[in-house]
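K.L.:
Prediction below, plus the sequence it came from.
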Amino acid sequence: MRKRIAMVTIATALVVSCTGNRAEKSDDQDASPEASQVVTSEEDDLYLLAGTYTSGEGSKGIYLYRFNTKTGKSDSVSMAEAENPSYLTLSPDEKFVYAVGENLERSSAVYAFSFDKQAGILTLINTELTNSGGPCYITIDRRGKNVHTANYGGGSITSFQVNEDGSLTPATAVLLFKGSGPDSLRQAAPHLHSVVYAPDGRYLFASDLGTDKLYRYRINDTPFEGQPALQESSLKVFSTPAGTGPRHFDFHPDGGKYLYLLGELSGKVIVYDYQSGDPVQKQVIAADTSGARGSADIHVSPDGRFLYASNRFKADGIAIFSIDPQDGTLTKVGYQLTGRHPRNFVITPDGRFLLVASRDDNKIQVFSVDNETGLLTDTGQDIPVSKPVCLKFAGMN
């Protein structure tokens with residue numbers, strides 16, 4: 001049976017701010033007999049970071065856990081205070097963590113934290129305003145030099161540069177978009193929802209829920225200090241079917257040869273062939289068959305064999321697809337019900353577990369993944385935390 005590490009004593013010192021959000025279960029509680037007999041080591045552990053909404057009582061920021069990739073068990077480690085850190089990204093060397101502060105325009109911001117893995121502590125370095133409301137997604141380039149946010153409320157992308165100490169410069173650019181979509185309530189204006197680098201690092205893609213568009217920028221690899229990293233004149237626009245409401249998207253791990261985009265409003269996954277910055281649509285398939293208009297997150301399994309998409313508002317859960325190894329097209333193979341409002345989810349690097357941030361049930365659910373079928377099984381090893389909305393893994397060293 002795995003021992004709890006000395007690092008857990010840090011959580012004791014933070015008990016006042018973490019009370020009610022710690023994984024309280026003992027090593028044996030709710031674990032299957034098979035799991036309790038698994039021999040584990042510290043090499044099987046990862047850090048799990050959980051971004052949350054902090055409005056009202058409950059959560060106070062970003063929560064850090066130790067997660068075992070063989071048993072699915074977790075231990076609480078520490079917490080870093082921040083206002084509505086609803087989406088996170090880590091620098092390529094995992095020495096820094098960046099989080100959006102999803103607030104109104106005047107207070108919307110990005111937080112830069114140093115990440116002390118030995119102590120298991122995030123320490124705030126600085127905060128910079130996004131100068132646009134409702135940042136809901138954040139990404140960093142593979143060199144760890146440029147950070148971008150997708151601003152839902154402001155309908156824009158904000159760019160920052162990263163200093164040597166991990167701190168952020170003031171915003172170097174705010175790119176504003178125009179347009180609307182057929183849904184007069186939810187698509188009356190642009191609503192940028194995600195920004196993701198292509199696997200080769202040469203392009204940045206952004207999804208606009210409000211205008212049914214996917215934007216692409218070419219990257220300026222060597223910007224001077226204060227110069228934007230995105231080549232604004234290189235903007236290329238790809239239209240999705242009317243009423244899609246593009247939200248999140250993911251590239252296939254095999255060189256990014258396929259791109260999978262999830263429509264929040266249509267509840268459909270759009271499959272693209274992808275090469276040299278140009279996605280070409282080849283398939284549209286339903287992830288949500290209930291018409292809830294609340295599809296949320298999408299990820300390809302690390303081995304590239306399965307795709308998962310979360311849905312909210314009705315029949316909250318995860319749609320499961322197999323991926324054709326020949327052409328990347330999807331076949332729906334199952335559906336796993338989850339807690340309420342599965343805003344975001346993450347898959348362990350070995351593909352053994354899938355964790356769901358069930359925002360309205362105030363818990364992170366831990367599902368085991370069947371390696372042959374891709375189907376999910378609830379392990380019952382929930383991690384209680386108020387309003388979880390973003391999950392990220394990091395190595396222990």
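P.N.:
Looks like it arrived, so ask away. Residues are numbered from 1 along each chain as shown.
K.L.:
where exactly do the helices run in the stretch 1-150 of the chain?
P.N.:
8-13, 15-18, 33-36 (DSSP state H, counting those that start in this stretch).
K.L.:
How about A296, nearest residue that isn't a chain neighbour?
P.N.:
S310 (4.5 Å; C-beta to C-beta, 6 or more residues apart in numbering). Where C-beta positions appear, they are placed from N, C-alpha and C, glycine not excepted.
K.L.:
neighbours of the one you found, just the number please.
P.N.:
28 (other C-beta atoms under 10 Å).
K.L.:
show me what contacts it?
P.N.:
S310 makes contacts with 295-298, 317-319, 338, 342-345, 356, as judged by C-beta atoms under 8 Å, 6 or more residues apart in numbering.
K.L.:
Helix or strand: which one has it?
P.N.:
Element membership for S310 (DSSP states H and E) is strand 306-311.
K.L.:
right, and the helix or strand after that strand?
P.N.:
strand 317-323.
K.L.:
after that following strand, next one along is what?
P.N.:
With secondary structure assigned by DSSP H and E, strand 317-323 is succeeded by strand 330-337.
K.L.:
Pull up the pairing partners for that following strand, direction included.
P.N.:
The strands that strand 330-337 pairs with in its sheet are strand 317-323 (antiparallel) (by DSSP bridges).
K.L.:
Can you mark which positions in the strand it pairs with are buried?
P.N.:
By neighbour count on 16 or more other C-beta atoms under 10 Å, the buried set for strand 317-323 is G317, I318, A319, I320, F321, S322, I323.
K.L.:
Also stretch 206-222?
P.N.:
Quick answer for stretch 206-222 (16+ other C-beta under 10 Å): 206-219.
K.L.:
Go through the residues you listed and flag which are in helices.
P.N.:
Members of those lying in helices (criterion: DSSP state H): none.
K.L.:
I'd like the residues you listed laid out as CSV, including pLDDT and distance to G291.
P.N.:
Below are those laid out as CSV (pLDDT from 0 to 100; distance: C-beta to C-beta, whole Å):
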residue, pLDDT, distance to G291
A206, 98, 27
S207, 98, 21
D208, 98, 22
L209, 98, 17
G210, 98, 20
T211, 98, 22
D212, 98, 18
K213, 98, 23
L214, 98, 23
Y215, 98, 27
R216, 98, 30
Y217, 97, 34
R218, 96, 38
I219, 94, 38
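K.L.:
Flag the shaky bits of the stretch 151-300 of the chain, pLDDT-wise.
P.N.:
In the predicted model of the stretch 151-300 of the chain, residues 222-227 satisfy pLDDT under 70.
K.L.:
For it, which segments count as strands?
P.N.:
156-161, 173-176, 192-197, 203-208, 213-219, 230-239, 246-251, 258-263, 268-275, 278-286, 295-300 (DSSP state E, counting those that start in this stretch).
K.L.:
the inter-axis angle of the fifth one versus strand 203-208?
P.N.:
Yep, that's strand 213-219 we're talking about. 160 degrees (axes from the mean of the first three to the mean of the last three C-alpha atoms, to 10 degrees).
K.L.:
which strands and helices sit next to strand 213-219?
P.N.:
strand 203-208, strand 230-239, strand 246-251 (3 or more C-beta pairs under 8 Å, 6 or more residues apart in numbering; DSSP states H and E).
K.L.:
strands paired with the longest one, and their directions?
P.N.:
In other words, strand 230-239. When DSSP bridges is applied, strand 230-239 pairs with strand 213-219 (antiparallel).
K.L.:
now what about the partner strand, what contacts it?
P.N.:
Against strand 213-219 from outside (C-beta under 8 Å, 6+ apart): 141, 177, 179, 197, 201-208, 229-232, 234-240, 246, 249, 261, 277, 279.
K.L.:
switch to 6 Å and redo it
P.N.:
202-207, 230-231, 234-238, 246 (C-beta atoms under 6 Å, 6 or more residues apart in numbering).
K.L.:
and the strands of the stretch 151-300 of the chain, which is most packed in?
P.N.:
Stretch with highest mean neighbour count among the strands of the stretch 151-300 of the chain: strand 258-263 (a mean of 27; mean count of other C-beta atoms under 10 Å).
K.L.:
Just the CA trace of it, in PDB.
P.N.:
Extracted C-alpha coordinates of strand 258-263, given in PDB (Å, rounded to 0.1, in the frame of the first residue of the first chain):
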ATOM      1  CA  TYR A 258      -6.400  15.500 -37.700                       C
ATOM      2  CA  LEU A 259      -8.100  18.300 -35.900                       C
ATOM      3  CA  TYR A 260     -11.300  17.700 -33.800                       C
ATOM      4  CA  LEU A 261     -13.500  20.700 -33.000                       C
ATOM      5  CA  LEU A 262     -16.500  20.600 -30.600                       C
ATOM      6  CA  GLY A 263     -19.500  22.900 -31.200                       C
END
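K.L.:
from the middle of its chain, how far away would it be?
P.N.:
Distance of strand 258-263 from its chain centroid, counting by C-alpha atoms, centre = their mean, to the nearest Å, is 15 Å.
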